[in-house]
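*Asks:* When you get a sec, could you give me coordinates for this:
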Amino acid sequence: GSLVTAAGTTTTVHDGDVVYTAGDSLLMGGAAAATGNGSLTLTAANSVTQNASLSTAGTGSVTATAATGSLTMGAGSGTTVGTGNVTYLAGDSLSVNEITTATGGAGGNVTLTAATGALIDVNGAAVNVIANNLTTNYATGEAAELNSTDFLQGLIGATNPPPNLILFENRILGGASMDP
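*Replies:* From the prediction side, this is the model:
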């Protein structure tokens with residue numbers, strides 16, 4: 001079945017993990033936070049919709065998986081971690097709003113995967129991802145965008161100096177820290 005967290009609610013766990021699992025679709029209408037070094041895990045057999053904030057402190061990570069469907073970060077939603085990592089995996093398309101980790105040598109990494117679909121920028125010209133390292137993998141999109149840093153600039157925002165990105169096919173293989 002489906003799992004829905006109500007808008008305006010917050011789930012907070014101190015020094016522990018928060019796990020949401022749905023046999024069909026997962027709608028995060030309410031915020032979730034793991035303090036200490038706890039992590040957040042969202043898993044759905046079909047789709048995941050995030051319409052609220054997700055956050056962890058310390059080394060806590062956020063992992064969201066939509067096994068066969070799309071993973072959508074709604075307008076106004078965000079994911080913030082300390083030095084932990086953020087991994088978003090969609091069986092289809094992945095819509096990204098705002099994801100933030102610590103930057104620099106101890107900062108977190110962000111991995112975004114749209115297995116059979118596109119990577120979609122939800123918030124227009126605003127910064128989508130701030131992270132130590134960003135790795136993307138996506139199957140579809142306009143050819144002019146897939147093979148250029150112009151598409152990625154919309155995701156990582158303006159940085160000075162810009163990050164060094166190594167592109168091969170539709171993947172970023174590596175890059176320097178996004179710290180100016």
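
*Asks:* Let me see the ranges of the helices in the protein.
*Replies:* 143-146, 149-156 (DSSP state H).

*Asks:* which secondary element of the chain has the worst mean pLDDT?
*Replies:* In the chain, no helix or strand scores lower on mean pLDDT, DSSP states H and E than helix 143-146, which sits at a mean of 39.

*Asks:* Now do the lengthiest strand in the chain: which elements does it pack against?
*Replies:* Across the chain, the strand with the greatest residue count (assigned by DSSP state E) is strand 109-121. When contacts are defined as 3 or more CB pairs under 8 Å, 6 or more residues apart in numbering; DSSP states H and E, strand 109-121 packs onto strand 86-90, strand 94-96, strand 133-140, helix 149-156. (Glycine included, C-beta is placed from N, CA and C.)

*Asks:* The residue nearest the centre of the chain and Ala45, how far apart?
*Replies:* Centroid check for the chain by CA atoms, centre = their mean gives Tyr88 as the closest residue, at 4.8 Å. Tyr88 is 16 Å from Ala45, where distance means CB to CB, to the nearest Å.

*Asks:* Same check on Gly108?
*Replies:* When CB to CB is the yardstick, Gly108 and Ala45 sit 27 Å from each other.

*Asks:* The two: who's more crowded?
*Replies:* Here Gly108 and Ala45 are set side by side on neighbour count (other CB atoms under 10 Å), and the busier one is Gly108, at 25 against 18.

*Asks:* Which pLDDT value belongs to the more buried one?
*Replies:* On the pLDDT scale, Gly108 is placed at 83.

*Asks:* shaky segments in this protein?
*Replies:* Within the chain, the set of residues satisfying pLDDT under 70 comprises 141-180.
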